[in-house]
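*Asks:* 3D model of this:
(2 chains)
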2 protein chains.
Amino acid sequence: MREICVCLEFLSDAHRDRIRRTAEAQGFQAHFFTPDQFAEAKACLQHCEILYAHSPELLREAPASLKWYCCSFAGVDPYCQDPSLFANPDCLLTNSNCYGVTIAEHVIMVQLMLLRRMPEYEAVVRNRSWSNQLPVRSIRDNAFTLLGLGNIGYHVAQRLRGMGAARITGLSRSGKAREDVYDEVLPISALDGVLPQTQNLIMALPGTAETFRILNRERLALLPPTATVINVGRGSSVDQEALREALDAGALAGAALDVMTPEPLPADDPLWSARNLILTPHVSGNMTLGYTCDQNVALFCQDLENYGAGRPLQNLVDRARGY
Amino acid sequence: MREICVCLEFLSDAHRDRIRRTAEAQGFQAHFFTPDQFAEAKACLQHCEILYAHSPELLREAPASLKWYCCSFAGVDPYCQDPSLFANPDCLLTNSNCYGVTIAEHVIMVQLMLLRRMPEYEAVVRNRSWSNQLPVRSIRDNAFTLLGLGNIGYHVAQRLRGMGAARITGLSRSGKAREDVYDEVLPISALDGVLPQTQNLIMALPGTAETFRILNRERLALLPPTATVINVGRGSSVDQEALREALDAGALAGAALDVMTPEPLPADDPLWSARNLILTPHVSGNMTLGYTCDQNVALFCQDLENYGAGRPLQNLVDRARGY
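*Replies:* Residues are numbered from 1 along each chain as shown, chains lettered A, B, ... in the order given. Sure, this is the predicted structure:
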């Protein structure tokens, strides 16, 4: 019987049942491990055709007979940047675009914190003082520029819209968006023209050669000093030193980074103390939302049915393009 | 000519024009002052029939000929609790229910901060350490109990709904709500039965004798230890000492208070250092959102037309009831 190795930490009994039943219907047997059972998973993997996990280390142990690696994360930059991870150069790679809801909630939270000046008010409160006259801004009647219009961008835009955003401009590689939730959609090549009018920039881009430092020093300088910047994609998309300098110089109103370079950020990195910067240790996609876990398994099972039936995989990654 | 004294800090030229035109149409002349022009405002007030302001001190200077005091704030507890502020015991009192949008954005922010464990993650970041495995929760698929279903409750419920909340239970004095945005609406007398099933309690109540310490020690103990509590109404509604003890004992997951007793909170108050408590210095209704200012003026002008035409005022406060 053809075999599947599943090595994940978030599966419930119901999830395992669903994977098992879907696998059997396609003539597969599924084996389940948690990431702390690395040796057992590695041994099993030697006779598996499919791996569903999020571990470059485990993938590296797979034989050339592995035909499909389903990554339970959305970001697959480590796999695209290092082809040596795949013993089989033709191994299919899929990712799991199910983090939009939880990441969008994180984005709404930090966007409100920036608009409502929470870094400054938290300093007031830490000093046990009382001052409440800082002018705050709102999502309502405000304008937003989204860079990256995938699952995250869609859920962010939907929530901004629901809270009365005045205008949502989306930028994507193709200049198109799958969902009709933006006021306008432009190609990323229009970025330099968009930045001077941008009030709030929200970045949710994959980590690729094209997105590397896309928000560089020159582009940061195009943003008005009242602008806020949020990044929940990949740290590599932002020139961190230029961002920190812009914040400290008051050339930007504030920023929130859930991703940075490197992760973990070294304790002596000057970024920790940048002015009006909300840092979080890559938590926005946290897998504890039941919906996210359910979707993750659902996406794998859908593609397992596609795979069994010889149809194209829905979540296939273009390894050369990087997402 | 009949006269109106306006003493506010947030009016734009367009706002003054609108008030002036509405006043003239009703046979009134409007005089404008900012709160730092107290002496001038007080002198003018002596021959005015209407005062539009937010100052108990200025109201106290009004003669018995004052017939209508429009308070630009939503909360009018100081005026209801101290009848001696009114030289004319029959003076009409209206309030300004236009803070729902900005306060709802504050509520969504702190609700997400509590669910996503920001007090704990902010401590991680302050220590320049890196840990991201705390289980976080989401608005999506979560349940919310709203205490107080006025303008704030409505805008909060609308936003929770838009973010995929599973269930929104509303409680109001009457057991009714003006807007159809709640899954169920109950009278406040049902509170004790609702609290044990409450995951997230959001309080937006006026400060009255009936709401005084409505969330007392006994009711706090009815909440499950995973519950969160938010208060944006009046500090008097919560037994602060009992709340602090519940937080410090882990009997509550977290809380966010934008209002407290007294304000400003004294520097030696133990509340400042309560566990998982997000304190803000009464900022949620900040008047810098253009929409809020526009609405404030619009509500006054509508009632000025009602007043001129001898119709009942829309925003009339029942001074005995307190809101």
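*Asks:* which residues touch residue A:91?
*Replies:* Contact partners of residue A:91, counting by Cβ atoms under 8 Å, 6 or more residues apart in numbering or on different chains, are A:62, A:66-69. Using the backbone N, CA and C atoms, a C-beta is placed for each residue, glycine as well.
*Asks:* ignore what I typed, I meant residue A:217.
*Replies:* A:239, A:242.
*Asks:* picking up where we left off before, columns secondary structure on top of the contacts of residue A:91, output as TSV?
*Replies:* Formatted as TSV, those follow (DSSP: H, G, I helix; E, B strand; the rest coil):
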residue	secondary structure
A:62	coil
A:66	coil
A:67	coil
A:68	strand
A:69	strand
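*Asks:* ok, those vs chain B, which is closest?
*Replies:* residue A:69 (23.9 Å; Cβ to the nearest Cβ).
*Asks:* what's the closest residue to that closest one other than its chain neighbours sitting at in phi/psi?
*Replies:* Using Cβ to Cβ, 6 or more residues apart in numbering or on different chains and skipping residues adjacent in sequence, the residue nearest residue A:69 is residue A:51, 5.0 Å away. Backbone torsions for residue A:51, taken as degrees, to the nearest 10, come to phi -130, psi 130.
*Asks:* just the endpoints, please. Distance across stretch A:254-266?
*Replies:* Distance across stretch A:254-266, first residue to last, is 21 Å (Cα to Cα, to the nearest Å).
*Asks:* for that stretch, buried residues please.
*Replies:* By neighbour count with 16 or more other Cβ atoms under 10 Å in any protein chain shown, stretch A:254-266 contains the buried residues A:254-261, A:265.
*Asks:* rounded mean pLDDT for that stretch, please.
*Replies:* On average, the pLDDT along stretch A:254-266 is 97.
*Asks:* same question for stretch A:289-304.
*Replies:* 95.
*Asks:* same thing with stretch A:188-199?
*Replies:* 98.
*Asks:* may I have the distance across that stretch, first residue to last?
*Replies:* Start-to-end, stretch A:188-199 (Cα to Cα) is 17 Å.
*Asks:* list the contacts of the residue of the stretch 201-323 of chain A found nearest chain B.
*Replies:* Closest residue of the stretch 201-323 of chain A to chain B, Cβ to the nearest Cβ: residue A:264 (3.3 Å). By Cβ under 8 Å, 6+ apart, the residues touching residue A:264 are A:281, B:130.
*Asks:* if we can go back for a sec, out of the buried residues of stretch A:254-266, list just those in strands.
*Replies:* Under the assignment DSSP state E, the buried residues of stretch A:254-266 contribute A:254-257 to strands.
*Asks:* looking at the contacts of residue A:91, which is nearest residue B:233?
*Replies:* Among those, residue A:69 lies closest to residue B:233 (Cβ to Cβ), at 52.9 Å.
*Asks:* where exactly do the helices run in chain A?
*Replies:* In chain A, the helices defined using DSSP state H lie at A:13-25, A:38-45, A:56-60, A:77-81, A:100-115, A:118-126, A:151-162, A:191-194, A:217-222, A:240-248, A:290-308.
*Asks:* highest mean neighbour count out of those?
*Replies:* For these, the largest average neighbour count (mean count of other Cβ atoms under 10 Å in any protein chain shown) is found in helix A:100-115, namely a mean of 25.
*Asks:* what parts of the stretch 1-150 of chain A come near chain B?
*Replies:* A:101-102, A:105-106, A:108-109, A:112-113, A:115-116, A:118, A:121-122, A:124-125, A:128-132, A:134-141 (Cβ under 8 Å from any Cβ of the partner chain).
*Asks:* please apply the same query to the stretch 151-300 of chain A.
*Replies:* A:158-159, A:162-164, A:263-265, A:267, A:272, A:279-283, A:286, A:288-291.
*Asks:* hmm, 10 Å instead?
*Replies:* A:155, A:158-159, A:161-164, A:258, A:263-269, A:271-273, A:277-292, A:294 (Cβ under 10 Å from any Cβ of the partner chain).
*Asks:* looking at the stretch 1-150 of chain A, which residue is nearest chain B?
*Replies:* Closest point on the stretch 1-150 of chain A to chain B, by Cβ to the nearest Cβ, is residue A:130, at 3.3 Å.
*Asks:* near that residue, how many other residues are there?
*Replies:* The number of residues packed near residue A:130 is 14, by other Cβ atoms under 10 Å in any protein chain shown.
*Asks:* check the one 10 residues further on too.
*Replies:* Around residue A:140 sit 19 other residues, with neighbours defined as other Cβ under 10 Å.
*Asks:* how near is it to residue A:134?
*Replies:* 18 Å (Cβ to Cβ, to the nearest Å).
*Asks:* likewise residue A:294?
*Replies:* Taken as Cβ to Cβ, the span from residue A:294 to residue A:134 is 41 Å.
*Asks:* point out where chain A drops to low pLDDT.
*Replies:* Of all residues in chain A, none has pLDDT under 70.
*Asks:* quick one: residues contacting residue A:142.
*Replies:* By Cβ atoms under 10 Å, 6 or more residues apart in numbering or on different chains, the residues touching residue A:142 are A:111, A:115, A:160, A:163-168, A:199-200, A:228, B:289.
*Asks:* check those and tell me the two furthest apart.
*Replies:* Maximum pairwise distance in the contacts of residue A:142, criterion Cβ to Cβ, is 18.4 Å, between A:168 and B:289.
*Asks:* what sits against residue A:194?
*Replies:* So residue A:194 contacts A:145, A:147, A:169, A:171, A:184, A:186, A:188, A:201, A:222 (Cβ under 10 Å, 6+ apart).
*Asks:* now swap in residue A:196 and tell me
*Replies:* By Cβ under 10 Å, 6+ apart, the contact list for residue A:196 reads A:221-224, A:227.
*Asks:* do residue A:126 as well
*Replies:* Going by Cβ under 10 Å, 6+ apart, residue A:126 touches B:126, B:272, B:279.
*Asks:* can you check residue A:45 too?
*Replies:* A:3-5, A:7, A:31, A:33, A:51, A:53, A:58-59, A:61-63, A:65-66.
*Asks:* do the same with residue A:24
*Replies:* Counted by Cβ under 10 Å, 6+ apart, residue A:24 has contacts A:1, A:30.
*Asks:* for residue A:63, give me the backbone phi and psi.
*Replies:* The phi/psi pair for residue A:63 (degrees, to the nearest 10) is phi -80, psi 170.
*Asks:* test my guess that it contacts residue A:44.
*Replies:* No: using Cβ atoms under 10 Å, residue A:63 makes no contact with residue A:44, being 11.5 Å away.
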